[in-house]
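1. What follows is a predicted structure for the sequence shown.
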Amino acid sequence: MRERVAVIGAGSWGTALAIVLAKKGYEVTLWARRQEVVREIETTRINSHYLPEIVIPESIKITADLEETLMQCVAVVLSVPSHAVRETVRRVRPFVTKETVLVNTAKGLEIETLMRLSEVLKQELPVELHNNIAVLSGPSHAEEVSRDLPTAVVAASHRRQVAEYVQDLFMAPNLRVYTNPDVTGVELGGALKNVIALATGISDGLGFGDNTRAALMTRGLAEIARLGTAMGAQSLTFAGLAGIGDLIVTCTSLYSRNRRAGIQLGQGKPLDQVLAGMGMVVEGVRTTKAAYHLAQKYGVEMPITEQTYQVLFEGLNPREAVSKLMLRTRTHEVEEIVVNRQDW
Ligand SMILES: NC(=O)C1=CN([C@@H]2O[C@H](COP(=O)(O)OP(=O)(O)OC[C@H]3O[C@@H](n4cnc5c(N)ncnc54)[C@H](O)[C@@H]3O)[C@@H](O)[C@H]2O)C=CC1
Ligand SMILES: O=C(CO)COP(=O)(O)O
């Protein structure tokens, strides 16, 4: 008998992952919040709003009934936006057993609590399920994964068997999955790169150049790693797929909603209009707020995040924000190198 996997969230990413799993032979049920999405996929096999170019295999069952979706499934893949993770896990909880593996694929933070999403899952799930939690992250636009273009991602879990289970679950000829025990680093890399994607988008929208984008990405990664290590992550994780890997794709691809939102902001469009026009989740906006407060909480300098926050929420002119970054007090590139070189 084929193993059953539930994918919760029929947006771009949930749909793409459901296709990957169905092609691997799993019996996949995709849960959509809205009945009209169920009807459309059932009748046309197209999810026209989120992945219009992709034909969804007949073998994927689509429903808005959560109990039906979760019945006898061995794994649950959560692909709803970060702000919906807590309420979704609460709804999922009654239908999972203590053997079910739960994989969060959303990239963000909970702004009210500043928690990472696996921490939200832990809070909402009984303790016997805590070791079954995993996260999937890395440079992986749904538009490309659903077209089977070669992609590499990372599965993180505190338990090696669970990370390897998720690795095996998704591993496919064109989807290579690595494991990493550093759940904190993998989650923070995936969430915080969206802030830098907004910043680089803004810079592109202002008409600045490739040098500017490279500077923002590099210094952005430095501040992601600074906050990440202060929060207990391993610095090397930020040199991996969930760190620099995802930063590269999100800051350079036109599939990135965060980058596209940033470009429009840089061109002078107000935030509410940008978000209304996007029609898909732009995680970086909320994450900027969370990251700004986390930087204060941990006493970590995050100048790009701070300026992005000012632009998004305090009405700072983006050009002035760039100028503030350029004119900051001079500093070293890597503080640790200087501290360890007393002869210098
Ligand atoms: N699109 C992509 O290429 C990738 C997205 N992700 C992450 O996956 C998460 C989901 O993103 P996408 O699928 O791209 O978003 P999307 O905007 O394409 O779709 C979001 C889906 O969640 C549903 N939804 C919205 N609010 C909800 C709620 N309160 N309760 C339940 N469902 C709700 C929507 O109806 C929609 O089906 C995000 O955190 C994103 O960062 C991660 C990797 C790749
Ligand atoms: O995380 C992603 C790709 O890895 C998706 O990024 P966007 O949300 O900016 O589209």
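-> Thanks, I have the structure now. Numbering: from 1, shown residues only. Ligands and ions are numbered 1, 2, ... in the order given.
2. Next up, the contacts around residue 273.
-> Shown in contact with residue 273 (C-beta atoms under 8 Å, 6 or more residues apart in numbering): residue 264. Glycine gets a C-beta too; all of them are placed from N, C-alpha and C.
3. Give me the neighbour count for residue 174.
-> With neighbours defined by other C-beta atoms under 10 Å, the count for residue 174 comes to 14.
4. I'd like the distance from it to ligand 1, if you could.
-> Using C-beta to the nearest ligand atom, to the nearest Å, one gets 15 Å for the distance from residue 174 to ligand 1.
5. Check residue 122 too.
-> With distances taken as C-beta to the nearest ligand atom, residue 122 is found 18 Å from ligand 1.
6. Per-residue confidence, the residue nearest to that residue when sequence neighbours are not counted, what does it come out as?
-> Distances taken as C-beta to C-beta, 6 or more residues apart in numbering put residue 130 closest to residue 122, at 5.3 Å, once the chain neighbours are dropped. Each residue has a pLDDT score; the one for residue 130 is 98.
7. quick one: residue 130 is in a strand?
-> No. Applying DSSP: H, G, I helix; E, B strand; the rest coil, one finds residue 130 to be helix, outside a strand.
8. Near ligand 2, which residues of the protein? Just list them.
-> Within the chain, the positions near ligand 2 by C-beta under 6 Å from any ligand atom are 107, 139-141, 194, 197, 246, 249-250, 255-258, 283.
9. from those, which would you call buried?
-> Using 16 or more other C-beta atoms under 10 Å as the burial test, the residues of the chain next to ligand 2 include 107, 139-141, 194, 197, 246, 249-250, 256-258, 283 as buried.
10. Export those as CSV, with columns for distance to residue 159.
-> Putting those into CSV (distance: C-beta to C-beta, whole Å) gives the following:
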residue, distance to residue 159
107, 21
139, 25
140, 23
141, 29
194, 27
197, 31
246, 23
249, 28
250, 28
256, 32
257, 32
258, 31
283, 26
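11. and ligand 1, which of these reach it?
-> 107, 140-141, 283.
12. Which members of those residues are positioned in helices?
-> Using DSSP state H, the subset of those located in helices is residue 283.
13. residues contacting the residue lying closest to residue 150 once chain neighbours are set aside?
-> Using C-beta to C-beta, 6+ apart and skipping the chain neighbours, the partner closest in space to residue 150 is residue 174 (4.8 Å). Remark: with contacts taken as C-beta under 8 Å, 6+ apart, residue 174 is in contact with 148-151.
14. Name the member of these with the most neighbours.
-> Going by other C-beta under 10 Å, residue 151 tops the contacts of residue 174 with 21 neighbours.
15. Give the bridge partners for it, please.
-> When bridges are called by DSSP bridges, residue 151 pairs up with residue 175.
16. Correct me if wrong: it contacts residue 173.
-> No. At 11.0 Å, residue 151 and residue 173 do not qualify as touching, with contact defined as C-beta atoms under 8 Å.
17. Around ligand 1, pick out the residues from the protein.
-> With C-beta under 6 Å from any ligand atom as the criterion, the chain comes near ligand 1 at residues 9-14, 33-34, 50, 79-82, 84, 88, 105-108, 140-142, 280-281, 283.
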